[in-house]
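Undergrad: Structure of the sequence below:
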Amino acid sequence: MKMIVLKCPECHASLDIEEGRKQVFCSYCGAKIIVENENEHIYRHIDEAQIKRAESDGIVQMRKLELAEKKRAAREKTKSLKIKISITLGVIMIGSLVFGYAGDSGYGLTSASMMVGMVCAIALMMMWMNNINNNDSEDDFDEKVKVPSLSDYENQSYMAIEAKFRSSGFTNIKCVPLNDLKVGLLKKPNMVESITINGHNTTSGGKKYLPDANVVIAYHSLA
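TA: Here you go, the predicted structure:
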């Protein structure tokens, strides 16, 4: 049986394979090698784990897009319904106020008409104010990340605080040494002095920011 020699693209070990084989696994590192042209012995490494990760990421992304589309459709449906209700309330409000300002009709309906008009006006205002707040909350939920718990942060290392922010989804984090210690007795090196987000001092968690918000962690260090 005729054998050919190839080099593993992963660990560069020499491999003896049977002529005509289309694929082989490296006996040294386990890489899978596909022989594309047996005459020129062209080969490539197939990273199956990476392919599976890419497929999984694609599925997750598709589900996120589907969920976002469902939310958008639900918001549009709710908005359309609110517009119809608003038109109805607006017509009732205008009619009631006009009737009320026209004077007493002799049936004692003036005060009742004015009251109905005012109730409709209040209902309209509350409905649209709530709609604005809901839209803001939905945008925050979809795009922003929450500041982690910062209790007793001054007694923690800047590395621990940085890890907390990264695990919460923050991506733009800068750790700044203060170079303010000579012996490190009263204050220990690497302990956090202050945390700012977009230039504002932060001492507690819970507030939401965009993932790329500018987080600066200042910590004590030897001069």
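Undergrad: and residue 98, what is it in contact with?
TA: Contact partners of residue 98, counting by C-beta atoms under 8 Å, 6 or more residues apart in numbering, are absent. The C-beta positions use only the backbone N, C-alpha and C, and glycine is treated the same way.
Undergrad: What mean pLDDT does the strand or helix carrying it get?
TA: Using DSSP states H and E, residue 98 sits within helix 48-101. Averaged over helix 48-101, pLDDT sits at 74.
Undergrad: and residue 174, that one's in a helix?
TA: No. Counting by DSSP: H, G, I helix; E, B strand; the rest coil, one finds residue 174 to be strand, located in no helix.
Undergrad: Could I get the full set of helices for this protein?
TA: With helices called from DSSP state H, the chain shows them at 48-101, 110-143, 158-168.
Undergrad: so which of these is the most packed in?
TA: helix 158-168 (a mean of 16; mean count of other C-beta atoms under 10 Å).
Undergrad: can you list contacts of that helix?
TA: 145-150, 153, 173, 175, 190-192, 195, 215, 217, 219.
Undergrad: Look up phi and psi at the closest residue in space to residue 31 that isn't next to it in sequence.
TA: Nearest non-adjacent residue to residue 31, counting by C-beta to C-beta, 6 or more residues apart in numbering: residue 10, 3.8 Å away. Backbone torsions for residue 10, taken as degrees, to the nearest 10, come to phi -90, psi -50.
Undergrad: Are any of the contacts of helix 158-168 buried, and if so which?
TA: The neighbour count (16 or more other C-beta atoms under 10 Å) marks 145, 147-148, 150, 153, 173, 190-192, 195, 215, 217, 219 as buried among those.
Undergrad: where in the chain is pLDDT low?
TA: Residue ranges of the chain with pLDDT under 70: 1, 29-30, 36-58, 60-61, 64, 100-110, 131-142, 183-185.
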